[in-house]
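>>> Need coordinates for the following:
(chains A and B)
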Number of protein chains: 2
Amino acid sequence: MKIEQLVTQIRKKQSFLCVGLDTDLEKIPTHLLDHEDPIFSFNKAIIDATQSLCVAYKPNTAFYEAYGAAGWESLSKTLRYINEHYPEMFTIADAKRGDIGNTSTRYAKAFFEEMDFDAITVAPYMGKDSVEPFLDFADRHTILLALTSNEGAFDFQTKMVENKELYKEVLKTSKSYKNAQNLMYVVGATKASYLRDVREIVPNSFLLVPGVGAQGGSLEEVCHYGLNADVGLLINSSRGIIYASQGEDFAQVAAEKARELQSQMAQELTKFGQNT
Amino acid sequence: MKIEQLVTQIRKKQSFLCVGLDTDLEKIPTHLLDHEDPIFSFNKAIIDATQSLCVAYKPNTAFYEAYGAAGWESLSKTLRYINEHYPEMFTIADAKRGDIGNTSTRYAKAFFEEMDFDAITVAPYMGKDSVEPFLDFADRHTILLALTSNEGAFDFQTKMVENKELYKEVLKTSKSYKNAQNLMYVVGATKASYLRDVREIVPNSFLLVPGVGAQGGSLEEVCHYGLNADVGLLINSSRGIIYASQGEDFAQVAAEKARELQSQMAQELTKFGQNT
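Numbers count the residues shown, from 1 in each chain, chains lettered A, B, ... in the order given. The predicted structure follows:
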């Protein structure tokens, strides 16, 4: 998908919400466990209920791999379902891959060809030749981990490297990679002021922001520092939406939670003159 | 598997060779393509031919994911075959995973429970709570990326952080993680003198060393700087062994290449008094 198509969807739906499909058999409503593929049944219901309120879905691959080949099949089915029924949706494999060149090419093929994701999250530790094979794919997007929203982010990402924090060095260095126009970045919302610093380095890139809500970040602050002329933000919510109810009404309640976030996003877009 | 069992195998076989199973349908002998599961057929033949000469197998998950659920099933079958027929073998999922806490727990379950690997490679960028869920598993091993053997390693890993290179900061910090006794490290052999610096920080840990041979590192130098009282080294070779011949004799030629490395390793062990 081209960036312009994503931006068009955001303006049309007045939403830059990404719903995280971290689907866990121990947390989904028990009545689904009798289904042939409970993970797919759950995802399908969540997708049908929320698709008008969000612009992206982000399955985290760990939750599918935990069930082996069957889980991998549930992931493929989920992606095919989205692409067939809601082809305007931006799809992100939250896989946090990254390896030496010829191996990263394999991962890129797994997620961009074998499956048909628009984007994948990638870890930066192995540097240029671990990232560029993903960037080779036109109109596919590589979402590089810059600053994550977990406690361990402070182990290395905020350490000073050549007078700047490591995550800033990652942002800066990645801009010189071949096909850097296909880069987006993961930037956690635990401290919204980080987004201001990030925007100084990558003013035009899309940022995938976890950590709004449950992990404490404020949507208003994230928008204040993060919005740009193309909106430039995807804000993810996983558990706060998909597990808002564990009863038979789970999809309806998920839609209500998604609508709450979408309404706030519409307000922010209006405030920043992004509502047309 | 306990470390002591691995060390016992190394001394018995006079080998610390790890064979990388980077199995690629475009590179395996064409006569195997008629088999029901060509990837498994190839792996099985390589394993049967080399198992007396090595102590570990390391499938790189990217090569299996590239074929979707079917590839994931080939990986599972390969692992089951090793564990059933050669239970003394140390098995490493070269997956380079790492995510926030509850997600890393899922990955750990995928590789240590759903499949029954002894070890997994993990990327350090997200810090403590992305690594510790793997360390929770007793007698399973987390092989943290420290210094990789690719060109991109110099993007970030060798940058100075608090007066030391980032990879040294990773080594040092990781020693404070809970259950750090379950850590091993990936250390590339592109410059063997790096191993000397690594040994100053982690004298007792096992190191998984890629990059000997094809990528230019010398086995003798790696041993000079890397061997410790428990041997402490696993040296990986992938393509140099498994694709040494693409004819019908591929398994036999793979065994010859493995034997060459094993002989050199036996000499090094003798030289360092590790031959009993």
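
>>> did I read that right, A:Ala95 in a strand?
Yes - membership of A:Ala95 in a strand is supported by DSSP: H, G, I helix; E, B strand; the rest coil.

>>> Quickly note the distance from it to A:Lys77.
As judged by Cβ to Cβ, to the nearest Å, A:Ala95 and A:Lys77 stand 17 Å apart. To be clear about C-beta, it is placed using only N, CA and C from the backbone, and glycine gets the same treatment.

>>> who's more crowded, those two?
Regarding A:Ala95 and A:Lys77, a neighbour count based on other Cβ atoms under 10 Å in any protein chain shown identifies A:Ala95 as having more, with 24 against 16.

>>> Tell me the confidence at the more buried one?
With respect to pLDDT, A:Ala95 has a value of 98.

>>> A:Ser218 too?
If you check A:Ser218, the pLDDT there is 88.

>>> before we move on, what about A:Met89?
Value listed for A:Met89 in the pLDDT field: 98.

>>> give the contact list for it.
A:9, A:51, A:54-57, A:82-83 (Cβ atoms under 8 Å, 6 or more residues apart in numbering or on different chains).

>>> One more: A:Gly211?
Contact analysis of A:Gly211 by Cβ under 8 Å, 6+ apart lists A:149, A:188-190, A:217.

>>> ok, now A:Ala119?
A:Ala119 makes contacts with A:90-93, A:140-143, A:184, as judged by Cβ under 8 Å, 6+ apart.

>>> buried stuff in stretch A:198-218?
Within stretch A:198-218, the residues that count as buried by 16 or more other Cβ atoms under 10 Å in any protein chain shown are A:198-199, A:201-202, A:205-213, A:217.

>>> Also stretch A:127-140?
Using 16+ other Cβ under 10 Å as the test for burial, stretch A:127-140 gives A:127-135, A:137, A:140.

>>> same for chain B: which of the residues you listed are within range?
Counting by Cβ under 8 Å from any Cβ of the partner chain, A:127-131 from those sit close to chain B.

>>> Tell me if I am right that A:Gln246 is in a strand.
No - secondary structure assignment places A:Gln246 outside any strand; it is coil (three-state DSSP).

>>> That one and chain B, how far apart?
A:Gln246 is 17 Å from chain B, where distance means Cβ to the nearest Cβ, to the nearest Å.

>>> For that residue, list the residues it contacts.
A:27-30 are the contacts of A:Gln246 under Cβ under 8 Å, 6+ apart.

>>> Of these, which count as buried by neighbour count?
A:28-29.

>>> quick one, helices of the stretch 151-276 of chain A?
A:153-156, A:166-174, A:193-201, A:219-226, A:239-242, A:250-271 (DSSP state H, counting those that start in this stretch).

>>> Skipping adjacent residues, who's closest to A:Gly217 in space?
Leaving aside its chain neighbours, A:Gly217 sits nearest to A:Ala189 (2.8 Å; criterion: Cβ to Cβ, 6 or more residues apart in numbering or on different chains).

>>> What about the one you found, how many residues nearby?
Residues near A:Ala189, counting by other Cβ under 10 Å, number 27.

>>> Nearest to A:Met265, out of the buried residues of stretch A:198-218: which one, please.
A:Val212 (10.3 Å; Cβ to Cβ).

>>> Is it correct that the closest one is in contact with A:Glu220?
No - in this structure A:Val212 lies outside contact range of A:Glu220 using Cβ atoms under 8 Å: 9.9 Å.

>>> Among the ones next to chain B among the buried residues of stretch A:127-140, which ones are in helices?
Within these, residues falling in helices by DSSP state H are A:128-131.
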